[in-house]
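**Student:** dropping the sequence and predicted coords here.
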There are 4 protein chains.
Amino acid sequence: MARHAHAQEDKLARRNVILGAARRLFAAGDGELPSVADIAAEAQLAKGTLYLYFKTREEIFCELSVEMWLDLLGKVDAAFRGARGTRAAKIEAHLDQMARHLGDQPEILRLDALGYSLRQNVEPARRYEQNHRFVMRLTEVGATVDRVLRLPQGRGVRVLMRSYALIRGLWQTAPQQTDAALQADPDLSAIFPDFTVELHESLTEYWRGAVAPARARANTAPR
Amino acid sequence: MARHAHAQEDKLARRNVILGAARRLFAAGDGELPSVADIAAEAQLAKGTLYLYFKTREEIFCELSVEMWLDLLGKVDAAFRGARGTRAAKIEAHLDQMARHLGDQPEILRLDALGYSLRQNVEPARRYEQNHRFVMRLTEVGATVDRVLRLPQGRGVRVLMRSYALIRGLWQTAPQQTDAALQADPDLSAIFPDFTVELHESLTEYWRGAVAPARARANTAPR
Amino acid sequence: MARHAHAQEDKLARRNVILGAARRLFAAGDGELPSVADIAAEAQLAKGTLYLYFKTREEIFCELSVEMWLDLLGKVDAAFRGARGTRAAKIEAHLDQMARHLGDQPEILRLDALGYSLRQNVEPARRYEQNHRFVMRLTEVGATVDRVLRLPQGRGVRVLMRSYALIRGLWQTAPQQTDAALQADPDLSAIFPDFTVELHESLTEYWRGAVAPARARANTAPR
Amino acid sequence: MARHAHAQEDKLARRNVILGAARRLFAAGDGELPSVADIAAEAQLAKGTLYLYFKTREEIFCELSVEMWLDLLGKVDAAFRGARGTRAAKIEAHLDQMARHLGDQPEILRLDALGYSLRQNVEPARRYEQNHRFVMRLTEVGATVDRVLRLPQGRGVRVLMRSYALIRGLWQTAPQQTDAALQADPDLSAIFPDFTVELHESLTEYWRGAVAPARARANTAPR
DNA sequence: TATGAATGAGTTTTCATTCAT
DNA sequence: AATGAATGAAAACTCATTCAT
């Protein structure tokens, strides 16, 4: 890349360099947002340069969060499109896909868990824009779900959103790796053995309740 | 209350004065943890005094959080014990009870949403103790659920925990009051109209999937 | 103006564009030096371009300050040249002229009041050059004063310089517009009612002491 | 002094420790305000402690400035009270006293010259209070002047204020020690040879114009 | 026990200036 | 000559916590 990014395309590339650096540091870190100084060093840019591309440190991470969720949505969309078999099988396939993705990139949820403090210090207009992008994509994927599972129009997007709420909540309920004491508590382990397992079971239960098995419908819509 | 709390009972009272002050300030505030100076002023105590009762500021709020969740659990327990009618009716009754409680005291979820940053700076032993208290009570209420709904033993506590994860996640997914722009977004409103409505629907779906209607069983258990 | 100022004349014009922009912004501002970015925008030039014409931001404003003082000196010179009547009447006429000029363009004194911080960050040679230009012109006007008021040679320039010192000091002593509280203080108002009034009275007193009325002299120097 | 200043008296002492440290550093420095860290070190206190006594760094120096001017006013008051001889002799005596004081403590004027930037970042109420203290004292000393010089009531305070304005302005007009180039300019030296000399001459001229020699009055006061 | 004075670590952000284009 | 992207120094202030009284 040129030393000075004058072209629009170079600017985008530089922006991504920053996001990549932020992501690597966060993934490697202890759950706090990396300092701007660290991000700049990792990106091999001056601190001031970061502020040409993002208004605040938090804006970087909000953007990162959105992009990671969009990635996940992409996987979900693909999973549904490629799914075969019964309705339950399709759901199952997508859950597998999603669980794998989250297992590979747990920073999505770790970042997500910063929640409130992450959104602080991002100007409302930007927050709106980011949220809107997510909602739009979610709506698209919801339409895919509707089509693939033959759900009433608009059902998929609601179910997806609630699924993500559940995922988010489960992650925060799970004893974190940094909590040796909690993880060792047998009373807790008894009811929350492992995040991935819990994720799968919870989502299965939720989808079961949200989307009745197709054959039930078949029964009521004979001929 | 005496100027110096020597008796065990006075100490407890003073501790509650602090928790009450912290709660009032948080409920009235903008989502940030109130400062120690503010809590001390509200409690009409000196800053140093707070540290005789709590090791860190966060410890105050973690304790507050646990107590608020325990309150909620108490309500849930009572709701199930007092519920009559079909299994679905009992679940419904408990959901109503819970939604009302959360509507009255939204600070439970607002505080909960601070999540990670809240748990920072509380010594592990204390965190463990607080979590354990919650898990123990959750297990008790889970047993009530098992009994009232005639579920297999140990089922109730899992369902409850997942319900709470869903609640937690939904709250964080909901556009916050402080986000005028988000609340005004029609694309978002279309899929997330209102927290209370969303809460009710989501939990209904989840419980439907997690706990098959009793009559289905009734069918298989003929008399 | 051409896009690229190659001709000496174009360069000078562009330099003046910059000074004009700086002046407008300062006059409209709150007393701080406008940022380079703002000046560039106001001048419709790129930031870097400013640095082709001035070494530092402060250099712009020092230059501006000198030019504004030179303007004032021009007015003073003209006032003396055009003055008629007694010595006192001539002095009075020049004071009126000056007070009017300062009333119209208070930014001279507002800028002047930045004083020390303004001179920081201007290289000594440049500072010298600017100051020298002022001193030379002051000497010229002093000569006019000598001639018009029939003062001993070299007297006028001293009196003028001291007058300017007094003006400068009075401005800084006056409660500024931004100081609502000070302006409302009756104890202060009693002794410093209004800058223009104060300016006029103070200078009158000073000139009276510095330049004895001509008739007194006339008396002692009979023909 | 005790480690913790609980008593009112100790607090005042600590406040003075801070002011003293600030003054020493400023007097020794190059004209910039010393950093808070430096002041704290000089005062052998922690940075935070300074903020228990002053709201901002600038507040420290504004306070210092006022106190130094009050000191000067005290000297002036004493000079007039102790002056003997003709009116002119009394004025002369006070000018000597003042010039000596300013020569000993040039930091009064160096600090004063920061002017605008000094007042920035001090809350209006505080600025008002400081200014008011100065005005009140000035009024007192003005009364002394009235009495000693037998001036019409209220004349002294005006003359004093204008004198200070002149002093202030002269200092800023004088080539500073840090300006080697300016000091070496023969054209400037010709008209501004030395601050102390200039100060004395200018003030003499001003007082001559502001306060007519007593014998003039004697003439009009019949025998 | 209660108090409140003292502590000091910790970090984003701005913006004048430089320099590659 | 003009541009505007890149640079990086610089420092006041807060506030949770401690500790002398």
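**Tutor:** Received, thanks. Please read all numbers here as calculations on a predicted model, not as lab measurements. Numbers count the residues shown, from 1 in each chain, chains lettered A, B, ... in the order given.
**Student:** closest residue of chain A to DNA strand F?
**Tutor:** With C-beta to the nearest atom of the strand as the measure, A:G48 is the residue of chain A nearest to DNA strand F, at 1.6 Å. Every residue, glycine included, has its C-beta placed from N, CA and C.
**Student:** which residues touch A:N131?
**Tutor:** Contacts for A:N131 (C-beta atoms under 8 Å, 6 or more residues apart in numbering or on different chains) come out as A:V66, B:P175, B:L182, B:D185, B:L188.
**Student:** so how far is C:R23 from it?
**Tutor:** 45 Å (C-beta to C-beta, to the nearest Å).
**Student:** close to DNA strand E: what parts of chain A are there?
**Tutor:** A:2-4, A:6, A:35-37, A:47-48, A:51, A:56-57, A:121 (C-beta under 7 Å from any atom of the strand).
**Student:** which stretch of helix or strand covers the residue in chain A positioned nearest to chain C?
**Tutor:** Closest to chain C within chain A is A:H4: 11.9 Å, counting by C-beta to the nearest C-beta. A:H4 belongs to no helix or strand when assigned by DSSP states H and E.
**Student:** what's around it, how many residues?
**Tutor:** By the measure other C-beta atoms under 10 Å in any protein chain shown, the count of residues near A:H4 is 8.
**Student:** quick check: phi and psi at it.
**Tutor:** Per-residue torsions, A:H4: phi -110, psi 130 (degrees, to the nearest 10).
**Student:** give the contact list for the residue at minimal distance from the centre of chain A.
**Tutor:** For chain A, the residue nearest the mean C-alpha position is A:W69 (3.3 Å; C-alpha atoms, centre = their mean). Shown in contact with A:W69 (C-beta under 8 Å, 6+ apart): A:I108, A:D112, A:F134, A:Y164.
**Student:** of those residues, grab the buried ones for ChimeraX.
**Tutor:** Applying 16 or more other C-beta atoms under 10 Å in any protein chain shown to the contacts of A:W69, the buried members can be selected in ChimeraX as follows:
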select /A:108,112,134,164
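**Student:** now intersect the contacts of A:W69 with the helices, please.
**Tutor:** In this view, the contacts of A:W69 that belong to helices under DSSP state H are A:I108, A:D112, A:F134, A:Y164.
**Student:** nearest to A:M98 among the residues of chain A next to DNA strand E?
**Tutor:** The nearest member of those to A:M98, counting by C-beta to C-beta, is A:R57 at 29.1 Å.
**Student:** okay, now that closest one: neighbour count?
**Tutor:** For A:R57, the count of nearby residues is 18 (other C-beta under 10 Å).
**Student:** do you know how far it is from B:A93?
**Tutor:** To B:A93, A:R57 is 47 Å away according to C-beta to C-beta.
**Student:** and if you look at A:M161?
**Tutor:** Separation of A:M161 from B:A93 (C-beta to C-beta): 26 Å.
**Student:** ok, A:T204 next?
**Tutor:** Distance, A:T204 to B:A93, by C-beta to C-beta: 26 Å.
**Student:** can you tell me the element the residue in chain A positioned nearest to chain B falls in?
**Tutor:** In chain A, the residue that lies nearest chain B is A:G209 (2.6 Å; C-beta to the nearest C-beta). Using DSSP H and E, A:G209 sits within helix A:195-210.
**Student:** pLDDT on that helix, on average?
**Tutor:** For helix A:195-210, mean pLDDT rounds to 96.
**Student:** ok, stretch A:103-116 next?
**Tutor:** Averaging pLDDT along stretch A:103-116 gives 91.
**Student:** if we can go back for a sec, distance to A:I18 for the ones in helices among the contacts of A:W69 - can I get that in CSV?
**Tutor:** Shown next, in CSV, are the ones in helices among the contacts of A:W69 (distance: C-beta to C-beta, whole Å):
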residue, distance to A:I18
A:I108, 18
A:D112, 20
A:F134, 20
A:Y164, 26
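**Student:** quick check: which ranges of chain A have low pLDDT?
**Tutor:** Along chain A, segments meeting pLDDT under 70 span A:214-223.
**Student:** residues in contact with the residue lying closest to A:V157 once chain neighbours are set aside?
**Tutor:** Of all residues not flanking A:V157 in the chain, A:G142 sits nearest, at 2.7 Å (C-beta to C-beta, 6 or more residues apart in numbering or on different chains). By C-beta under 8 Å, 6+ apart, the residues touching A:G142 are A:G154, A:R155, A:G156, A:V157, A:R158, A:V159, A:L160, B:I191.
**Student:** please redo it, this time with the cut-off set to 10 Å
**Tutor:** Residues in contact with A:G142, defined by C-beta atoms under 10 Å, 6 or more residues apart in numbering or on different chains, are A:73, A:76-77, A:135, A:151, A:153-161, B:191.
**Student:** can you tell me the SS state at A:P34?
**Tutor:** Using DSSP: H, G, I helix; E, B strand; the rest coil, the structure places A:P34 in coil.
**Student:** A:Q130 versus the closest residue to it other than its chain neighbours, what's the distance?
**Tutor:** Leaving aside its sequence neighbours, A:P34 sits nearest to A:L25 (C-beta to C-beta, 6+ apart; 3.9 Å). Distance of A:L25 to A:Q130, computed by C-beta to C-beta: 20 Å.
**Student:** more neighbours, these two?
**Tutor:** Per other C-beta under 10 Å, whichever of A:L25 and A:Q130 has more neighbours is A:Q130, with 20 against 17.
**Student:** residue contacts, the more buried one?
**Tutor:** Applying C-beta under 10 Å, 6+ apart, we find A:Q130 in contact with A:E59, A:C62, A:E63, A:S65, A:V66, A:E67, A:W69, A:R119, A:V122, B:L182.
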